[in-house]
Structures are given as C-alpha cells and as structure tokens.
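Undergrad: below are the sequence and a predicted model for it; my questions follow.
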Amino acid sequence: ELKLVINTKEHGSFKPAVRSVFWNTESSKILVGTAGSEIFEFSSSDGSNIHRDGPIDRCHFDGECWGLSINPMLPQFATVGDDETLRIWDLLEKRNIKTCALEMMSRACAYSHDGEMIAVGFGSPQKRTSKQFNGKW
C-alpha cells in the first residue's frame, strides 16, 4: 500500500529523475539522489523537504565542467559545462546558490567588471542538437 509520494520536481530539482534512495527509519529521514546530481533530505513521516530552500547539495551532472569565473565584487564564482547549465557558487557557504538552464553546452564564462553580468561562450566538439553553434556568445 502506497503511503507517501515525494515529487523531487516540486522541490526544485533541475533534473528530477530519482537515481538513489536511502531511508533511515530511526531518524525518519529519506535521502534522495537525482539525475541532476542533487541530494535531497525528506521527512519520511510527511514527505516535507527538511532543507526548505532546495537540496542539501547540487552540482554539474553531465560530462565535464569547463568554464570558471570569479565574481569581482562578491565572494562567488560561476561555472559552466557539458550539462547545459550556468551555476553560481557561494565561496563562504561552499554551495551552489543558483542554477540557470542554458541552450547548449558551454566552454567558458566571464563576469563583467562590476559583477552584474556573465558572458557565456557556447560550443562543444560533440554535436548534440541542431541548435548548437560553436563560438556563440
């Protein structure tokens, strides 16, 4: 009999397919790993996300991480790669604080001098979609 349903997409998963589950009956917690390299911690009693602001951790999930740029104004850096995401990381908290979907794989990123904008260099030697253009900014 089904007693609890947890939808990782409703909790902010970037790529919500479940890849692993660990249930600790003593602490009434369920750890869930997703295809988006995210780790969530849920209550097994009511299915709520113990970490209300999203997963415990998340990172790049497909291929390689290529681009890295340090924010000149804040203790943050940005990364891009084969998983078609731009990720902003907090150096003090040591975690991913924002993830943006991109239109294709990318190889480089750079903050503007004031830290307000990020340029992303798209491209890859592997052609995955018809919309992919090497050298696009």
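TA: Received the coordinates, thanks.
Undergrad: the helix or strand of the chain with the lowest mean pLDDT: how far from the chain's middle?
TA: Using mean pLDDT, DSSP states H and E, strand 57-58 stands out as the lowest-scoring helix or strand of the chain, at a mean of 80. Its chain's C-alpha centre and that of strand 57-58 lie 7 Å apart, by Cα atoms, centre = their mean, to the nearest Å.
Undergrad: and what of stretch 58-74?
TA: 10 Å.
Undergrad: any low-confidence regions in the protein?
TA: Applying pLDDT under 70 to the chain flags residues 125-137.
Undergrad: what does stretch 80-97 contact?
TA: For stretch 80-97, the surrounding residues in contact (Cβ atoms under 8 Å, 6 or more residues apart in numbering) are 14, 57-67, 75-79, 98-109, 118, 120, 124. C-beta here means a position set from N, CA and C on the backbone, and glycine is covered the same way.
Undergrad: now do stretch 38-51
TA: For stretch 38-51, contacts defined as Cβ under 8 Å, 6+ apart pick out 4-6, 8, 11, 13-15, 23-25, 28-34, 54-58.
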